[in-house]
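Engineer: predicted model, plus sequence, below.
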Amino acid sequence: MSNKTVLLLPGDGPGNAAIKHVSKTINAVAPDVEVVFGDIGFSAYSVRGEALPERTSDLIASCDGVLCGHIEAEKLDQRNPLDDISIQFGLRTRIREYFTLPNTGVGKNMDMLLIGSNPDHLDGSVENEELSGITATSNLNEENIKDVVTDAVFQSGMFGRDRISFISGYDDLPVMDEYVRKTVSPMFEGCDIGHEMLGKEEAMYRLVTDPGSVRCAVCGHDSFSYIEGFAKGMCGGSGLMAEAIVGSKHSIVMPSYSDDENRLNNPTAAMLSAGLLLMEIGERRGYEIIREIVSVMYREKWSTSDVGGCLTPSQFWEGSTKLIEAYNRYA
């Protein structure tokens, strides 16, 4: 029996209602996981005068995992609370999961973890190198790189990925790439997970021709956004996948959000974030059920109008809940 507890922070705006539906999904696939709620963002600030109330920080510290909804940081006269959480709880690495959803108009299947350092956690340390009179400056030092690699190895093992592809983030500053290579390679001695070093162009060619060949990609700041943009296109566009920021002891999972107003209420990312949250706390079965149910919903075109379906968000949640109940009866 699980004795895990997860914290849901609904946050602000349209995604608030979706996060509340997440509680029902978690209860359906992992009934032994306890769900508690907290406040964050502008909604918390409006009531308590703080975007990150002390009670919420205490809950984050005590819970096994956290799922946070969208925060309307532009309405705050203080820093985004996720930045404070990243520093306070050492959330040093960002993770995106991208896999192709059926009937989203993409021909080739992608199934990739995208991993990089969390810029909101970096301590401001700077590493300088010089090549042909050009100085290369980066927030990443040796300790930052080792932390990200450590997290990447752990996440790869948890998700069953046997190789990590390190994608160059400093094509115009080769000395920094060499620095990363010297730091990374020794960490894989005696490790069951393999690794390779790819430039951005080679990585893009692989993702276009054989996306399944890159199962876990670790990127520098530059290449992270580059690869992320392509992966979104391969997986039905922005606002459909789950993401997380993790550290050695804590993690926060979030639905990705889109600037497209037609996609703000799409429930897919919120549902997948429930699965990713369960994976991060060791509830792999719940993660696998949720991912399969979402795939079935899209395969049968039981999706919302922004992705070519005809369901409302409420109907999507209702339909997916019924599928989970059926799965549990016959599994």
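Structural biologist: Ah, there it is.
Engineer: next one: phi and psi at residue 298?
Structural biologist: phi -70, psi -40 (degrees, to the nearest 10).
Engineer: any weak-confidence spans in this protein?
Structural biologist: Scanning the chain with the threshold set as pLDDT under 70 gives 1-2, 105-107, 121-141, 169-177, 179, 261-262.
Engineer: show me the contact partners of stretch 9-18.
Structural biologist: 19-20, 37-43, 56, 66-72, 75, 255, 257, 264-265, 267, 270, 313 (C-beta atoms under 8 Å, 6 or more residues apart in numbering). (Glycine included, C-beta is placed from N, CA and C.)
Engineer: ok, 6 Å please
Structural biologist: 19-20, 38, 40-43, 68-72, 264-265, 267, 270 (C-beta atoms under 6 Å, 6 or more residues apart in numbering).
Engineer: which one of those residues is nearest residue 155?
Structural biologist: Set against residue 155, the nearest of the contacts of stretch 9-18 by C-beta to C-beta is residue 68 (18.7 Å).
Engineer: tally of neighbours for that closest one?
Structural biologist: 28 (other C-beta atoms under 10 Å).
Engineer: so how far is residue 253 from it?
Structural biologist: To residue 253, residue 68 is 7 Å away according to C-beta to C-beta, to the nearest Å.
Engineer: just to revisit the earlier point, which of the contacts of stretch 9-18 fall within strands?
Structural biologist: Judged by DSSP state E, the contacts of stretch 9-18 include residue 68 as members of strands.
Engineer: for the contacts of stretch 9-18, which one is nearest residue 189?
Structural biologist: Of all the contacts of stretch 9-18, residue 68 has the smallest distance to residue 189: 36.9 Å, by C-beta to C-beta.
Engineer: the closest one pairs with what?
Structural biologist: Under the criterion DSSP bridges, residue 68 forms beta bridges with residue 9.
Engineer: number the chain from 829, please
Structural biologist: Sure, I'll start numbering at 829, so the last one becomes residue 896.
Engineer: didn't it look like it was pressed against residue 1083?
Structural biologist: No - using C-beta atoms under 6 Å, residue 896 is not in contact with residue 1083, being 9.0 Å away.
Engineer: neighbours of the spatially closest residue to residue 921 that is not a sequence neighbour, how many?
Structural biologist: Of all residues not flanking residue 921 in the chain, residue 979 sits nearest, at 4.1 Å (C-beta to C-beta, 6 or more residues apart in numbering). The number of residues packed around residue 979, counting by other C-beta under 10 Å, is 22.
Engineer: quickly list the domain ranges of the chain.
Structural biologist: 829-923+1063-1159, 935-1062 (automatic domain parsing).
Engineer: quick check: which of those domains is buried the most?
Structural biologist: Highest mean neighbour count among these (mean count of other C-beta atoms under 10 Å): domain 829-923+1063-1159, with a mean of 19.
Engineer: what packs against the helix or strand harbouring the residue nearest to residue 921?
Structural biologist: Using DSSP states H and E, residue 979 maps to helix 970-987. If you count contacts as 3 or more C-beta pairs under 6 Å, 6 or more residues apart in numbering; DSSP states H and E, helix 970-987 packs onto strand 939-945, helix 1002-1012.
Engineer: residues in contact with that helix?
Structural biologist: For helix 970-987, the external contacting residues (C-beta under 6 Å, 6+ apart) are 920-921, 943, 945, 992, 1011-1012, 1015, 1021, 1044, 1046, 1074.
Engineer: gap between the two ends of stretch 902-922?
Structural biologist: The first and last residues of stretch 902-922 sit 22 Å apart, counting by C-alpha to C-alpha, to the nearest Å.
Engineer: residues in contact with it?
Structural biologist: So stretch 902-922 is contacted by 868, 870, 879-880, 901, 944, 946, 948-949, 975-976, 979, 1073-1075, 1078 (C-beta under 6 Å, 6+ apart).
Engineer: what about the spatially most central residue of the chain, which SS state?
Structural biologist: Centroid-nearest residue in the chain, with C-alpha atoms, centre = their mean: residue 1071, separated by 1.5 Å. At residue 1071 the chain is in strand, as set by DSSP: H, G, I helix; E, B strand; the rest coil.
Engineer: I figured it hits residue 1085, correct?
Structural biologist: No - with contact defined as C-beta under 6 Å, residue 1071 and residue 1085 do not form a contacting pair (9.6 Å).
Engineer: helix, strand or coil for residue 894?
Structural biologist: Assigned state for residue 894: strand (three-state reduction, three-state DSSP).
Engineer: ok, it - contacts?
Structural biologist: Contact analysis of residue 894 by C-beta under 6 Å, 6+ apart lists 835, 888, 1080.
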